[in-house]
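Colleague: quick check, what structure comes out for this input:
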Amino acid sequence: MRRVIVSVDKNGYTRCKAKINGKSVYLGNDVKEAEKKLRAILREEQKKKLTEALPVRPAVTRDRLFITLCGDFLEDCEKRDQLDFRDLAGYRTLVKWVMTYNSNLTISEWTPAVVRDFRKWLAAQKWTNPANGRSGHYGRQQLNKMVGWIKLIFSFGYDEGYCSFDQMERVRRVKALRAGEEEAAEMQERQIVTEEQFEATIGYMRPYYQRIFRLLYLTGMRPIELCRMRRKDIAYDGDIWWYRPYFHKTINRGKTKTIPLGSRCYDLIADLLDEKAPDEYLFTRNEALEEMYALRAITRKTKPSPAQKRQMDEAARRRENKPVERFAPSDFTRELRAALKKAAAAGVAIQPWKTYALRDTAISRASLVFGPEGGQAVAGHSSLRTTEYYDHSQRERQRIIAKRLG
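Modeller: Numbering: from 1, shown residues only. Here you go, the predicted structure:
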């Protein structure tokens with residue numbers, strides 16, 4: 001390790017030197033200042049070595065609109081099936097906001113300053129959902145996610161030769177927002193669902209969705225993982241069934257994920273395992289619609305007229321020829337909101353909750369019984385620190401201790 005060499009000349013003055021690349025470099029008379037200068041020189045040397053070790057890429061000779069690059073990135077992700085329905089909707093929302101901000105900006109014009117200015121502009125915008133009329137402003141986590149998408153697009157642009165490595169690195173070094181910055185709102189605190197709250201809610205859901213929500217409540221899997229559940233991904237090994245998703249969140253890091261299915265979970269899907277072909281999804285929108293129309297026919301109070309009967313038969317034939325569609329997490333959100341709305345109309349007071357709260361609930365339940373490692377096993381996390389973000393069992397432990405110790 002290189003260090004400062006201190007010596008005293010014939011006149012009694014202190015001289016600080018250091019050997020760098022075989023040469024003696026004078027660093028002044030003050031030892032502390034000399035150490036600072038040496039650290040600065042070593043940092044510059046390290047940066048120079050890293051720059052020389054970067055992969056050699058041809059110079060960027062073509063520039064294009066950033067919106068066009070967004071379209072190419074989306075096509076590439078769809079080919080490799082790397083986007084689920086929720087991320088796809090979020091990405092399209094980002095493209096819409098980029099076009100509103102400035103659709104004429106080229107790739108080279110998207111500097112870190114422009115990215116920060118776009119984030120600040122986006123924080124002041126008001127979004128509206130035309131499906132349900134809800135509106136609001138983006139929170140800090142959503143803004144960071146939008147900027148994360150932009151960073152991914154620039155990584156794709158570098159691979160395709162549309163931007164230089166230096167520009168990609170500058171954009172990727174844009175720091176994420178912290179709490180209180182740029183007046184960005186904070187998201188609501190993560191929550192868990194009590195058993196009474198859960199049972200009261202699913203009583204207002206359709207039977208097909210009741211099975212789905214019970215499976216999410218017992219396993220703690222992500223909604224998108226349930227949407228991708230196929231017959232051939234479920235196998236019996238030992239004394240329980242295991243579900244191995246063909247695509248999951250950390251598959252790009254070379255990790256595998258297995259979700260155990262106990263006896264209660266197996267009872268929920270046993271009939272589907274017998275009926276479905278290996279490549280078919282266990283839960284589909286088509287089957288949910290068929291069940292809904294069947295329930296309507298059973299609960300119908302008047303007999304349909306001949307014209308109505310012909311229309312119903314024609315609609316049934318069209319549904320038979322319709323391609324099979326798997327669920328999206330947004331379908332579960334809509335069903336949950338409808339159930340809470342029905343409960344409110346019936347005068348039943350239920351505290352609103354979200355679909356992803358079922359994952360936190362399952363992790364917290366396992367952590368309370370088996371310790372933090374049990375919650376980590378249910379979540380499938382590699383690090384216990386990640387599980388702590390989902391684990392809410394600490395408060396329940398405090399409640400038990402307070403009851404026992406007074």
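Colleague: from now on I want contacts and neighbour counts done on CA atoms only, so please keep to that.
Modeller: Will do.
Colleague: strands of this protein, start to end?
Modeller: Using DSSP state E, the strands of the chain run over 5-8, 14-20, 23-28, 126-128, 135-137, 234-237, 240-243, 259-261.
Colleague: and those strands, which one is worst for confidence?
Modeller: When the strands of the chain are compared by mean pLDDT, strand 5-8 comes last with a mean of 71.
Colleague: sorry, back to before: got the strands of the chain as JSON lines, with mean neighbour count and distance to Phe154 columns?
Modeller: Below are the strands of the chain laid out as JSON lines (neighbours: other CA atoms under 10 Å; distance: least, CA to CA, whole Å):
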{"stretch": "strand 5-8", "mean neighbour count": "14", "distance to Phe154": "46"}
{"stretch": "strand 14-20", "mean neighbour count": "17", "distance to Phe154": "38"}
{"stretch": "strand 23-28", "mean neighbour count": "14", "distance to Phe154": "41"}
{"stretch": "strand 126-128", "mean neighbour count": "12", "distance to Phe154": "25"}
{"stretch": "strand 135-137", "mean neighbour count": "12", "distance to Phe154": "26"}
{"stretch": "strand 234-237", "mean neighbour count": "13", "distance to Phe154": "37"}
{"stretch": "strand 240-243", "mean neighbour count": "16", "distance to Phe154": "35"}
{"stretch": "strand 259-261", "mean neighbour count": "19", "distance to Phe154": "34"}
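Colleague: who are the contact partners of Ile234?
Modeller: When contacts are counted by CA atoms under 8 Å, 6 or more residues apart in numbering, Ile234 is found next to Trp241, Trp242, Tyr243, Arg244.
Colleague: any chance of the strands of the chain in CSV, plus distance to Val369?
Modeller: Formatted as CSV, the strands of the chain follow (distance: least, CA to CA, whole Å):
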stretch, distance to Val369
strand 5-8, 60
strand 14-20, 59
strand 23-28, 62
strand 126-128, 42
strand 135-137, 39
strand 234-237, 24
strand 240-243, 20
strand 259-261, 17
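Colleague: and the pLDDT for Asp63?
Modeller: Here, the pLDDT recorded for Asp63 equals 69.
Colleague: which one of the contacts of Ile234 sits closest to Glu33?
Modeller: Arg244 (58.9 Å; CA to CA).
Colleague: isn't the closest one up against Leu261?
Modeller: No: contact between Arg244 and Leu261 fails when scored by CA atoms under 8 Å: they sit 10.6 Å apart.
Colleague: touching both of these two, which residues are there?
Modeller: With CA under 8 Å, 6+ apart applied, the contact sets of Arg244 and Leu261 do not overlap.
Colleague: can you tell me what sits against stretch 204-216?
Modeller: By CA under 8 Å, 6+ apart, stretch 204-216 touches 202-203, 222-223, 226, 265, 268, 288, 291-292, 332, 335-336, 338-340, 342-343, 358-359.
Colleague: any of these buried? List them.
Modeller: Neighbour counting by 16 or more other CA atoms under 10 Å classes 202, 222-223, 226, 265, 288, 332, 335-336, 339-340, 342-343, 358-359 among the contacts of stretch 204-216 as buried.
Colleague: mind picking the lowest-pLDDT entry from these?
Modeller: Ala288 (87).
Colleague: got the contact list for Leu282?
Modeller: Met229, Arg230, Arg231, Ile269, Leu272, Leu273, Lys276.
Colleague: ChimeraX command to pick out the buried ones of these?
Modeller: With 16+ other CA under 10 Å as the criterion, this ChimeraX line picks the buried residues out of the contacts of Leu282:
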select :229,230,231,269,272,273
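Colleague: now pLDDT too, for the contacts of Leu282, in a markdown table please.
Modeller: Below are the contacts of Leu282 laid out as a markdown table (pLDDT from 0 to 100):
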| residue | pLDDT |
| --- | --- |
| Met229 | 92 |
| Arg230 | 92 |
| Arg231 | 91 |
| Ile269 | 93 |
| Leu272 | 90 |
| Leu273 | 89 |
| Lys276 | 89 |
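Colleague: export the contacts of Leu282 to CSV and tack on distance to Asp313?
Modeller: Formatted as CSV, the contacts of Leu282 follow (distance: CA to CA, whole Å):
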residue, distance to Asp313
Met229, 31
Arg230, 30
Arg231, 30
Ile269, 29
Leu272, 26
Leu273, 29
Lys276, 25
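Colleague: from the contacts of Leu282, pick the one nearest Leu94.
Modeller: Checking these against Leu94 with CA to CA, the nearest one is Met229 at 28.5 Å.
Colleague: distance of Ala362 relative to Arg222?
Modeller: 11 Å (CA to CA, to the nearest Å).
Colleague: hang on, I meant Ser108
Modeller: On the measure of CA to CA, Ser108 and Arg222 end up 38 Å apart.
Colleague: pretty sure Thr201 contacts Ala349?
Modeller: No: using CA under 8 Å, Thr201 is not in contact with Ala349; the gap is 10.0 Å.
Colleague: okay, and the common contacts of those two?
Modeller: Here Thr201 and Ala349 have Ala343 as joint contacts, going by CA under 8 Å, 6+ apart.
Colleague: lowest average confidence, helix or strand, in the protein?
Modeller: For the chain, counting by mean pLDDT, DSSP states H and E, strand 5-8 ranks last in confidence among helices and strands (a mean of 71).
Colleague: neighbouring strands - and their directions - for it?
Modeller: strand 14-20 (antiparallel) (DSSP bridges).
Colleague: quick one: the partner strand to strand 23-28, angle?
Modeller: 150 degrees (axes from the mean of the first three to the mean of the last three CA atoms, to 10 degrees).
Colleague: residues near Arg116, how many?
Modeller: 17 (other CA atoms under 10 Å).
Colleague: find the nearest non-adjacent residue to it, please.
Modeller: Val174 (7.6 Å; CA to CA, 6 or more residues apart in numbering).
Colleague: wait, that neighbour touches Val114, no?
Modeller: No: between Val174 and Val114 there is no contact under CA under 8 Å: 10.5 Å.
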